[in-house]
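In: Quick check, what structure comes out for this input:
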Amino acid sequence: MGLLQDKIVLINGGTQGVGAAVARAAAREGAVVTVTGRRPGPGEALAAELADAGAKAAYLRCDLADAGQARGAVEAVVAAHGRIDCLVNAAGLTSRGTLLDTTPELFDAHVAVNLRGPFFAMQAAVADMVARSAPGTIVNVISSSAHGGQPFLAPYVAAKAGLAGLTRNAAHAHRWDRVRINGLNIGWTDTEGEDATQRAFHGAGDDWREEAGRRLPMGRLGQADEIADFVVLLLSDRSGVVTGSVVDWDQNVLGGLD
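Out: Numbering: from 1, shown residues only. A predicted model of the protein is given here:
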């Protein structure tokens, strides 16, 4: 039996990067997986890949920036399977902006994807769990930048810090409902999205991963599949009673100084 055998799992932002890695790991552990994303091509391809491997998987087109669509994705999963057991919010907007040059439009975009969407997806998922008097688990993929971050990540940090606070608040509010809600503050990770960001905003070349590794304690970036295994553990019963934890999943130690 897998860690998530027959669990109904929804992964928002699950068509690439960390979200896709979580989908693969959850499917490997026996889950019935639904992934959401804005682009049907990658989403349908991932669902087909998982199905070819023997998993039950589906793709739902969803723009998490739209609160109605965020709720609707959960409702669609409940309609299809009768319930939702696990939710992962892995979607993330990482476009750059400082305190001085961020426009209201950019700020609102970050809040919409990185905070508001997860809020209303959690609302819908917890409502189903509470209505059925059934336990459930939620994992929010946050960021180590929520502790402060770089100057060029001001709106991103604001939204992700809000998601960290929401994770703890919701976990406390629904602990007696046996709904466990945790988060991961992930560090610098090797994903398709990060590759695009490095090239678009920082003029990175093909060797940017190797260059980054030379500046990191472990000599390499974090890997999406490693994060995915941690997320699956938190979703599963093997993480026990843990709730309200926001784990710093990074190779730099918060507060450590040389």
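
In: what's the span of stretch 245-258, first residue to last?
Out: 27 Å (CA to CA, to the nearest Å).

In: Would you map the strands across the chain?
Out: 8-12, 32-37, 56-61, 86-89, 136-141, 179-186, 189-190, 222-223, 246-249 (DSSP state E).

In: worst average pLDDT in those strands?
Out: Out of the strands of the chain, strand 189-190 stands lowest, with a mean of 88 (criterion: mean pLDDT).

In: quick one: strands adjacent to it?
Out: Strand pairing for strand 189-190, determined by DSSP bridges: strand 222-223 (parallel).

In: can you list the residues that contact the strand it pairs with?
Out: Ile186, Gly187, Trp188, Thr189, Asp190, Trp249, Asp250, Gln251 (CB atoms under 8 Å, 6 or more residues apart in numbering). Yep, even glycine has a C-beta here, placed from its N, CA and C like the rest.

In: Now distance to Gly68 and neighbour count too, for these, in JSON lines please.
Out: Rendered in JSON lines, the data for these read as follows (distance: CB to CB, whole Å; neighbours: other CB atoms under 10 Å):
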{"residue": "Ile186", "distance to Gly68": "28", "neighbour count": "25"}
{"residue": "Gly187", "distance to Gly68": "33", "neighbour count": "17"}
{"residue": "Trp188", "distance to Gly68": "33", "neighbour count": "19"}
{"residue": "Thr189", "distance to Gly68": "30", "neighbour count": "20"}
{"residue": "Asp190", "distance to Gly68": "33", "neighbour count": "18"}
{"residue": "Trp249", "distance to Gly68": "31", "neighbour count": "20"}
{"residue": "Asp250", "distance to Gly68": "34", "neighbour count": "20"}
{"residue": "Gln251", "distance to Gly68": "39", "neighbour count": "15"}
